[in-house]
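Engineer: Provided below for reference: sequence and predicted model.
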Amino acid sequence: MKGENCSMQVYLLRHGIAEEGTSQTGDSDRALTNDGRKKLRQVLTHVAEAGVKIDLVLTSPLKRAVQTAAVAVSCLKSKPETLVCKTLAPGGTVEDVWSEIRVHRDAEALLLVGHNPLFGNLASFLLGAPELHVDFKKGAVMRIDFDALGPKPRGVLHWYLTARLAGTGE
């Protein structure tokens, strides 16, 4: 088992474009749209072509996040296991997510799938700059690297890929 000093890549993936909520479907049951799936595949194809290998996927329990995680696994060459993680649901805290990341310290690369505003705040928190505002777009992926998994995160932003940069037009 790795100790406090280790090397980990954490990838944050905000869910893709989802259908609007209706009076018949609650927020947790909103599914990805076909356009949302298409744009996710375009982004994640770039990620896979860059040689990204994920050891474990942690996803929010909401339908659109679980579907986003499934698209990610289908695009990646490594085919990691996926675990549903309540700390990634709306209303989760950045501190709880950091604790969850630290539980999985044996992984070299984690992919977290979730929602805003948590992911915008989480990116800032993981970078050790909570006052930083991150505009985390739907379907975007961010890589943050860690040399240690101590009590407070001190990550380094490695890259951030949005759907527009991946050539989806959004």
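Structural biologist: Arrived safely. Numbering: from 1, shown residues only.
Engineer: what does the strand of greatest length in the chain contact?
Structural biologist: Secondary structure of the chain per DSSP state E: the longest strand is strand 5-14. The contact list for strand 5-14, computed with Cβ atoms under 8 Å, 6 or more residues apart in numbering, reads 47, 52, 54, 68-69, 72, 101, 105, 107-116, 119, 122-123, 126, 136-149, 155, 158. Every residue, glycine included, has its C-beta placed from N, CA and C.
Engineer: buried sites along it?
Structural biologist: M8, Q9, V10, Y11, L12, L13, R14 (16 or more other Cβ atoms under 10 Å).
Engineer: which among the contacts of strand 5-14 end up buried?
Structural biologist: Buried, going by 16+ other Cβ under 10 Å: 47, 52, 54, 68-69, 72, 101, 105, 107, 109-116, 119, 122-123, 126, 136-144, 146, 148-149, 155, out of the contacts of strand 5-14.
Engineer: Save the buried residues of strand 5-14 as CSV, and put in distance to A166 and pLDDT too.
Structural biologist: Converted to CSV, the buried residues of strand 5-14 look like this (distance: Cβ to Cβ, whole Å; pLDDT from 0 to 100):
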residue, distance to A166, pLDDT
M8, 24, 96
Q9, 19, 97
V10, 20, 98
Y11, 14, 98
L12, 15, 98
L13, 12, 97
R14, 13, 96
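Engineer: Tell me the helices and strands packed up against the longest helix seen in the chain.
Structural biologist: If you go by DSSP state H, the chain has its longest helix at helix 34-49. Helices and strands touching helix 34-49, by 3 or more Cβ pairs under 8 Å, 6 or more residues apart in numbering; DSSP states H and E, are helix 63-75, strand 141-148, strand 156-161.
Engineer: what is the rounded mean pLDDT of the longest one?
Structural biologist: This means helix 63-75. For helix 63-75, mean pLDDT is 96.
Engineer: the inter-axis angle of that helix versus strand 141-148?
Structural biologist: 80 degrees (axes from the mean of the first three to the mean of the last three Cα atoms, to 10 degrees).
Engineer: ok, back up a step: now render the buried residues of strand 5-14 as a markdown table, adding distance to R37.
Structural biologist: Below are these laid out as a markdown table (distance: Cβ to Cβ, whole Å):
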| residue | distance to R37 |
| --- | --- |
| M8 | 29 |
| Q9 | 25 |
| V10 | 24 |
| Y11 | 19 |
| L12 | 19 |
| L13 | 13 |
| R14 | 14 |
